[in-house]
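> what follows is a predicted protein model with its sequence.
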Amino acid sequence: MTDSSSIRFPDGFLWGAATSAYQVEGSPLADGAGPSNWHHFSHQPDAIADGGTGDVACDHYRRYEEDVALMRQLGLQAYRFSVSWSRILPEGRGRINPAGLDFYRRLLDRLLEAGIQPCATLFHWDLPQALQEQGGWANRDSANWFADYAHILFRELGDKVPLWATLNEPWVVVNDGYMHGVHAPGHRSLDEAPWVAHNLLRAHALGVQAFRADGQGQIGLVVNLEPKYAASVGPDDAAAMSRAHAYMNRWFLDGVMLGSYPDELAEMFGQHWPRFDLADMALLLEPFDFLGINYYTRSVNRDAPQNPPPHAESVRQEGAEYTEMGWEVFPEGLTRTLQWVKQRYGDPPIYITENGAAFADPPAHNGRVADPRRVEYLRGHLRAAHEAIRLGVNLKGYFAWSLLDNFEWSLGYAKTFGLVQVDFSSQRRTIKDSGYFYRDVIARNGL
Ligand SMILES: N=[N+]=NCCCCNC(=O)[C@@H]1[C@H]2[C@H](O)[C@@H](O)[C@H](O)[C@@H](CO)[C@@H]12
């Protein structure tokens, strides 16, 4: 039974939609850009489920004005996007590519003319390949490479961007790129993963320090959080839940909010877990202005000793609804997650920087795309977000993932999250029913 009571979000609540550079831009080597590690990785045989790459994607690098017009049609107040590091610094550091900066200046100018607030993420997984070849995030120097890149963006684009995020989902870089090898750079290393996580957070902290020197506006960190449940009341499954919670939800936030890593990580990584300098842990506590939370689902965990850390596996729930990603639709987990962050980390300002669902949408017919399941997913999660506000969470805004159907990393183009459908053979955009639903939510500032 759909709750039909109307709800209204606080005045000034910020409504947006989100994308990322490698997933939408295409033209990865245009105008002097250097290759990213995702350009390299996606061209490896069998790396991507449908053989897709980011070579064209949504052609946003060339169609950005059309896409800003779509954002206006949706009434977006903000647009979250990421900057391609290797467009700005083709070798990752040193020589600046002016044409790369010029693209983002053009995009920012169109957004500001449209009254849409830019929210720029410095790193959304696409590391310059030249830096990957020097060890990437496993190289302790990566934090300084990132800080130098950040300085350039704050200096060159800072007057046009009010909201910045340093990193998008460091957990995915570690888990998918260094533990399971299904994302760039495709490594599987219990020795590299903890250092990669640590250097990502060092980079975040140095990036915030660079912002304090050169930036304007506000800066935050974006993490993916997923409430963990136990598959049974037995002690083994309860322990698995606790390990999974430490591994995904606490690893990065404890690092930057508490200056320590969960004890469970040293236990589950054993001799692979390094000793981190106290000076490093103090750096991690560099204060930042907001927390970006990406929420999609929950997971129900049982003990799986044979698996790599966190030695757990998720259990499918009978009778539950799942998206095309195999993620359970569980809106109440969003309220719970927001409350947990408020209570554990001192009530920080929060933006939901991503929330959305992949469903198998029909092709556009007479200019319409019926996606009722996505409408209901969004409705349920907006209600859950509003409940968190009612419970006192300092929630400032919400960004739907995603503006456009796009390149879903190792899964290619088959998984579609967009409020707007993209026909990749023609690049035609069609606003889905969920896009019109979201437009009305923004206009009403509520449901
Ligand atoms: N294990 N497990 N459970 C699920 C963990 C989810 C982590 N992945 C995300 O949050 C990614 C985020 C990314 O920013 C975006 O670039 C992706 O397109 C979306 C959709 O995939 C989401």
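Right, received. Where do you want to start? Numbers count the residues shown, from 1 in each chain.

> only C-alpha atoms from now on, for both contacts and neighbour counts.
Noted.

> in the stretch 301-447 of the chain, what residue is nearest the ligand?
Glu408 (5.1 Å; Cα to the nearest ligand atom).

> which residues does that residue contact?
Taking Cα atoms under 8 Å, 6 or more residues apart in numbering as the criterion, Glu408 is in contact with 23, 414-416.

> from Ala364, how far out is the closest residue to Ala370 other than its chain neighbours?
Closest residue to Ala370 apart from its sequence neighbours, by Cα to Cα, 6 or more residues apart in numbering: Asp433 at 5.5 Å. Distance of Asp433 to Ala364, computed by Cα to Cα, to the nearest Å: 11 Å.

> try Gly158
39 Å.

> check Asn97 too.
Distance, Asn97 to Ala364, using Cα to Cα: 39 Å.

> kindly report the same for Ala143.
Per Cα to Cα, Ala143 is found 45 Å from Ala364.

> so where do the strands sit in this protein?
Along the chain, the stretches classed as strands by DSSP state E are 14-18, 78-82, 117-123, 163-168, 218-225, 228-230, 290-295, 299-303, 312-314, 350-355, 395-401, 420-423, 428-431.

> could you dump those to CSV with distance to Leu89, mean pLDDT and mean neighbour count?
Formatted as CSV, the entries for the strands of the chain read as follows, by distance: least, Cα to Cα, whole Å; pLDDT from 0 to 100; neighbours: other Cα atoms under 10 Å:
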stretch, distance to Leu89, mean pLDDT, mean neighbour count
strand 14-18, 23, 99, 25
strand 78-82, 15, 99, 23
strand 117-123, 12, 98, 24
strand 163-168, 16, 98, 25
strand 218-225, 21, 99, 23
strand 228-230, 39, 98, 22
strand 290-295, 26, 99, 24
strand 299-303, 38, 98, 24
strand 312-314, 40, 98, 21
strand 350-355, 26, 99, 24
strand 395-401, 27, 99, 23
strand 420-423, 29, 98, 22
strand 428-431, 31, 98, 19
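
> how about the residues of the stretch 151-300 of the chain that lie near the ligand?
Contact residues (Cα under 6 Å from any ligand atom) of the stretch 151-300 of the chain with the ligand: 172, 224, 294.

> and the closest residue to the ligand within the stretch 151-300 of the chain, what are its bridge partners?
Residue nearest to the ligand within the stretch 151-300 of the chain: Asn224 (5.2 Å; Cα to the nearest ligand atom). Asn224 forms beta bridges with Asn294, as assigned by DSSP bridges.

> what about Gly186, how many residues close to it?
Neighbourhood size, Gly186 [other Cα atoms under 10 Å]: 16.

> swap in Pro45?
Around Pro45 there are 9 other residues, counting by other Cα under 10 Å.

> tell me the contacts of it?
Applying Cα under 8 Å, 6+ apart, the residues contacting Pro45 are Gly51.

> need the pLDDT of the closest residue to Leu225 other than its chain neighbours.
Spatially, and ignoring its direct neighbours in sequence, Leu225 is nearest to Asn249 (5.4 Å; Cα to Cα, 6+ apart). As predicted, Asn249 sits at a pLDDT of 98.

> so who does Asn249 touch?
224-227.

> quick one: the helices in the stretch 51-200 of the chain?
60-74, 85-88, 98-113, 129-132, 142-157, 170-174, 192-214 (DSSP state H, counting those that start in this stretch).

> thinking again about what came up before, make CSV from the residues of the stretch 151-300 of the chain next to the ligand and add distance to Ala240 to it.
Formatted as CSV, these follow (distance: Cα to Cα, whole Å):
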residue, distance to Ala240
Val172, 19
Asn224, 19
Asn294, 23
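
> quick one: low-confidence ranges for the chain?
Residue ranges of the chain with pLDDT under 70: 1-3.

> tell me which residue is most central in it.
Among the residues of the chain, Asn168 comes closest to the average C-alpha position under Cα atoms, centre = their mean, at 4.5 Å.

> surely that residue meets Asp126?
No: using Cα atoms under 8 Å, Asn168 is not in contact with Asp126; the gap is 10.4 Å.

> measure Lys396 to Trp85 for me?
For Lys396, the distance to Trp85 - Cα to Cα - is 28 Å.

> Asp141: neighbouring residues, count only.
16.

> likewise for Asn307?
Neighbour number of Asn307 under other Cα under 10 Å is 10.

> just the closest of the contacts of Asn249 to Ala184, please.
Closest to Ala184 out of these is Asn224 (17.9 Å), distances taken as Cα to Cα.

> and that closest one, what is it in contact with?
169, 171, 248-249, 293-295.

> any chance of these in JSON lines, with distance to Ile116 too?
Putting the contacts of Asn224 into JSON lines (distance: Cα to Cα, whole Å) gives the following:
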{"residue": "Glu169", "distance to Ile116": "24"}
{"residue": "Trp171", "distance to Ile116": "29"}
{"residue": "Met248", "distance to Ile116": "32"}
{"residue": "Asn249", "distance to Ile116": "31"}
{"residue": "Ile293", "distance to Ile116": "21"}
{"residue": "Asn294", "distance to Ile116": "21"}
{"residue": "Tyr295", "distance to Ile116": "23"}
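
> with these in mind, which one is nearest to Ala304?
Ranked by distance to Ala304 (Cα to Cα), these are led by Met248 at 16.0 Å.

> does that closest one touch Glu226 like I think?
Yes: using Cα under 8 Å, Met248 is in contact with Glu226, at 7.5 Å.

> how much space separates Glu192 from Ala99?
Separation of Glu192 from Ala99 (Cα to Cα): 34 Å.

> ignore what I typed, I meant His43.
24 Å.

> for Gln134, same thing?
Distance of Gln134 to Ala99, given as Cα to Cα: 25 Å.

> can you pull the contacts of Tyr79?
Counting by Cα under 8 Å, 6+ apart, Tyr79 has contacts 16-18, 71, 116-119, 399.

> adding distance to the ligand, write those out as JSON lines.
Putting the contacts of Tyr79 into JSON lines (distance: Cα to the nearest ligand atom, whole Å) gives the following:
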{"residue": "Gly16", "distance to the ligand": "15"}
{"residue": "Ala17", "distance to the ligand": "12"}
{"residue": "Ala18", "distance to the ligand": "9"}
{"residue": "Met71", "distance to the ligand": "19"}
{"residue": "Ile116", "distance to the ligand": "21"}
{"residue": "Gln117", "distance to the ligand": "19"}
{"residue": "Pro118", "distance to the ligand": "17"}
{"residue": "Cys119", "distance to the ligand": "14"}
{"residue": "Phe399", "distance to the ligand": "11"}
